[in-house]
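Engineer: Here is my input, please return the structure:
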Amino acid sequence: MPRDTFEDIVETFAFFDDWEDRYRHVIELGRAMPSLPESQRIPETKVEGCASQVWIVPEIAGTGPTARLTFQGESDAMIVRGLIAILHALYSGATVAEVLDIDAEAELARLGLHDHLSSQRSNGLRAMVGRIRGIARVTAGDGAGDGAGDRA
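Structural biologist: Have a look, this model is predicted:
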């Protein structure tokens, strides 16, 4: 279950005394992610609304609300790669119904991200969450759209 990995991140963050250590950890999470092949960095996978370039490539196993979502992601900014890694830990492997039930804003608040990210990075994080939720919504059969209007 992806929540275990996210819980590990929450626990690790709790051990750090200051935000600089947490910031470095986010960057290390991004460095540990596999790179997205250039062939998948295309307009269809690009996330709009991010200051950095961001691509999210979904991988769906199954159909309807019980389909499992995982994804690969990439960014040209290391901190954003780390944010993608955190979202991967939060969502990847969940059913699309579970993805739609996750309160990303509340979960991410446990990490204190909103207090330490610029408004542009916060907006980009919301855009990434919106894209993931949009993919889940379409897969679950709840309508069309890319989730651009979803909030984190």
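Engineer: the longest helix in the chain is where?
Structural biologist: helix 119-140 (DSSP state H).
Engineer: Pull the distance from it to the chain's centre.
Structural biologist: Offset of helix 119-140 from its chain centre (Cα atoms, centre = their mean, to the nearest Å): 7 Å.
Engineer: tell me the SS of residue 117?
Structural biologist: Following DSSP: H, G, I helix; E, B strand; the rest coil, the label given to residue 117 is coil.
Engineer: who's in contact with it?
Structural biologist: Contacts for residue 117 (Cβ atoms under 8 Å, 6 or more residues apart in numbering) come out as residue 125. (Each C-beta comes from the backbone N, C-alpha and C, glycine too.)
Engineer: now swap in the one 4 residues further on and tell me
Structural biologist: Applying Cβ under 8 Å, 6+ apart, one finds that residue 121 lies in contact with 51, 79-80, 83.
Engineer: Any regions of the protein where pLDDT drops low?
Structural biologist: Along the chain, the parts satisfying pLDDT under 70 run over 1-4, 142-152.
Engineer: sorry, back to before: could I have the buried ones of the contacts of residue 121 as ChimeraX selection syntax?
Structural biologist: To isolate the buried members of the contacts of residue 121 in ChimeraX, using 16 or more other Cβ atoms under 10 Å:
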select :79,80,83
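Engineer: Tell me the one among the contacts of residue 121 nearest to residue 132.
Structural biologist: For those, the closest approach to residue 132 (Cβ to Cβ) belongs to residue 83, at 11.9 Å.
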